[in-house]
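**Q** Quick check, what structure comes out for this input:
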Amino acid sequence: MVIEKSGFLLMAGTLAAGGVGGWLAHDVKSHNERAQLSEPAIAAVPVVVPSAAPVTSVAATAERAPAAPVCDDSVGTVEECPAMGPADEGVCTNFAAKRCSEFKAAFKPKVAQAAVTCIKNLKGNAACDPARVNSCGHNALMAACPEPVPDTTKADTTGATLSSPVASACESILRTCAGQALMPTVADCRQTLSGMTDFGRASMIECMATHCGDKGLLGCEGMKKP
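**A** Numbering: from 1, shown residues only. The predicted structure follows:
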């Protein structure tokens, strides 16, 4: 068989090129495999999730909170009222002295203490002003401890619903004042009577029975029963 020289050289060149290409491809593959084996494995880094702050219950917070001071108007020392002047001289400050003694008798000790101190601090014409004098007693009553609301779900041994002395007195006052212009609200009545003694509440019932329309709660505060 006769092979042309040019054809032989072309075929030999093609085989040589294919062999070199195969060797190069094989060498690149081996190099990549050795590189992968030589690289150290990267350890997984754990993700740390911050824990939530401890939840403090409302009950636990309430247990740690200091208890609120108990409001008590039954304590206190009441100082002396201003002295009365001679009746025949018509001293205007006698009104202040009279109302002062009425407040002492009708109010609880701590409330009376505030009212008397206020009256004694009135100077000059202020001590002769009925509105200024009466406001001393009224402001003291408005700052008094509120009477606890009775538990209407309980009853006494006779089956009657329990009611506080203040609630009972205000029920009586509201009945006698029904329909009148100066009829007080339940809230105003209870706040006014909360700072009073039993004697003061009884005096309020008597006064409001005949003067609800002209004096009202403010005018009857501390007024003695006839």
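**Q** quick one, phi psi at residue 196?
**A** Taking degrees, to the nearest 10, you get phi -110, psi 160 for the backbone angles of residue 196.
**Q** Now the element after the host helix or strand of residue 188, going C-ward?
**A** Using DSSP states H and E, residue 188 sits in helix 186-194. Of the helices and strands lying after helix 186-194 in sequence (DSSP H and E), the nearest is helix 198-211.
**Q** Give me the helices and strands touching the helix or strand following that next one, please.
**A** With elements assigned by DSSP H and E, the helix or strand that comes after helix 198-211 is helix 216-220. Contact here means 3 or more Cβ pairs under 8 Å, 6 or more residues apart in numbering; DSSP states H and E; on that basis helix 216-220 packs against helix 130-142, helix 186-194, helix 198-211. Any C-beta I mention is one placed from the backbone N, CA and C, and that applies to glycine too.
**Q** now the ones you listed in JSON lines, with mean pLDDT, mean neighbour count and distance to residue 108?
**A** Putting the helices and strands packed on helix 216-220 into JSON lines (pLDDT from 0 to 100; neighbours: other Cβ atoms under 10 Å; distance: least, Cβ to Cβ, whole Å) gives the following:
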{"stretch": "helix 130-142", "mean pLDDT": "95", "mean neighbour count": "19", "distance to residue 108": "10"}
{"stretch": "helix 186-194", "mean pLDDT": "95", "mean neighbour count": "19", "distance to residue 108": "9"}
{"stretch": "helix 198-211", "mean pLDDT": "94", "mean neighbour count": "18", "distance to residue 108": "8"}
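**Q** TSV please, covering these and showing distance to residue 77.
**A** TSV is the format used below for the helices and strands packed on helix 216-220 (distance: least, Cβ to Cβ, whole Å):
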stretch	distance to residue 77
helix 130-142	15
helix 186-194	21
helix 198-211	18
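**Q** picking up where we left off before, also compute the angle for the helix holding residue 188 relative to helix 198-211, please.
**A** For helix 186-194 against helix 198-211, the angle by axes from the mean of the first three to the mean of the last three Cα atoms, to 10 degrees is 130 degrees.
**Q** if we can go back for a sec, out of the helices and strands packed on helix 216-220, which comes closest to residue 71?
**A** helix 186-194 (10.0 Å; Cβ to Cβ).
**Q** Tabulate the CA atom coordinates of that closest one in CSV.
**A** C-alpha atoms of helix 186-194 as CSV (Å, rounded to 0.1, in the frame of the first residue of the first chain):
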residue,chain,number,x,y,z
VAL,A,186,-73.9,60.1,95.6
ALA,A,187,-70.1,60.7,95.1
ASP,A,188,-70.2,64.2,96.7
CYS,A,189,-72.3,63.0,99.6
ARG,A,190,-70.0,60.0,100.3
GLN,A,191,-66.8,62.1,100.1
THR,A,192,-68.3,64.8,102.4
LEU,A,193,-69.5,62.3,105.0
SER,A,194,-66.4,60.0,104.9
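**Q** Give me the phi and psi angles of residue 114.
**A** With angles defined as degrees, to the nearest 10, residue 114 sits at phi -70, psi -40.
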